[in-house]
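*Asks:* turn this into a structure:
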Amino acid sequence: MSEMPDIAAYISALEPRIVGKALQRVRLASAFLLRTAQPPLATVEGRIVRELRTIGKRIAIGVEGDHWLVLHLMTAGRLHW
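*Replies:* Residues are numbered from 1 along each chain as shown. Modelled structure (predicted):
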């Protein structure tokens, strides 16, 4: 998959910035981006980021309480942090 080097680069850049730190806020640019409503997205705010993983073309962010945020970069493959 041609996207995999990009995903690995994002993981490498994100790890030192977020692992071990509290997730202050999650802002959703569009309600169409959310794939689940339970638990509410605000549940992860204030929790410590424990790990990052890749799931295929997705970036998975694991936080305290066994909650996960999963990002798919779609066709454009850009992450605005």
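*Asks:* a helix runs through Tyr10, doesn't it?
*Replies:* Yes: membership of Tyr10 in a helix is supported by DSSP: H, G, I helix; E, B strand; the rest coil.
*Asks:* neighbours around it, how many?
*Replies:* Each residue near Tyr10 was counted by other CB atoms under 10 Å, and the total is 19. From N, CA and C alone the C-beta is placed, and that goes for glycine too.
*Asks:* contacts for stretch 37-55 next, please.
*Replies:* 4, 7-8, 11, 14-15, 18-26, 28, 34, 59-65, 67, 69-70 (CB atoms under 8 Å, 6 or more residues apart in numbering).
*Asks:* alpha carbons of stretch 62-80, as PDB, please.
*Replies:* As requested, the backbone C-alpha atoms of stretch 62-80 are provided in PDB (Å, rounded to 0.1, in the frame of the first residue of the first chain):
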ATOM      1  CA  GLY A  62      -5.500   4.600  22.600                       C
ATOM      2  CA  VAL A  63      -6.400   6.500  25.700                       C
ATOM      3  CA  GLU A  64      -7.000   5.600  29.400                       C
ATOM      4  CA  GLY A  65     -10.100   3.600  30.000                       C
ATOM      5  CA  ASP A  66      -9.600   1.400  26.900                       C
ATOM      6  CA  HIS A  67     -11.100   4.100  24.600                       C
ATOM      7  CA  TRP A  68      -9.700   4.500  21.000                       C
ATOM      8  CA  LEU A  69      -9.900   7.300  18.500                       C
ATOM      9  CA  VAL A  70      -9.300   6.000  15.000                       C
ATOM     10  CA  LEU A  71      -8.400   8.300  12.100                       C
ATOM     11  CA  HIS A  72      -8.500   7.500   8.500                       C
ATOM     12  CA  LEU A  73      -6.700  10.000   6.300                       C
ATOM     13  CA  MET A  74      -8.900   9.300   3.300                       C
ATOM     14  CA  THR A  75      -7.700  10.000  -0.200                       C
ATOM     15  CA  ALA A  76      -5.900  13.200   0.500                       C
ATOM     16  CA  GLY A  77      -3.800  11.600   3.300                       C
ATOM     17  CA  ARG A  78      -3.300  14.800   5.300                       C
ATOM     18  CA  LEU A  79      -3.500  15.300   9.000                       C
ATOM     19  CA  HIS A  80      -3.900  18.800  10.300                       C
END
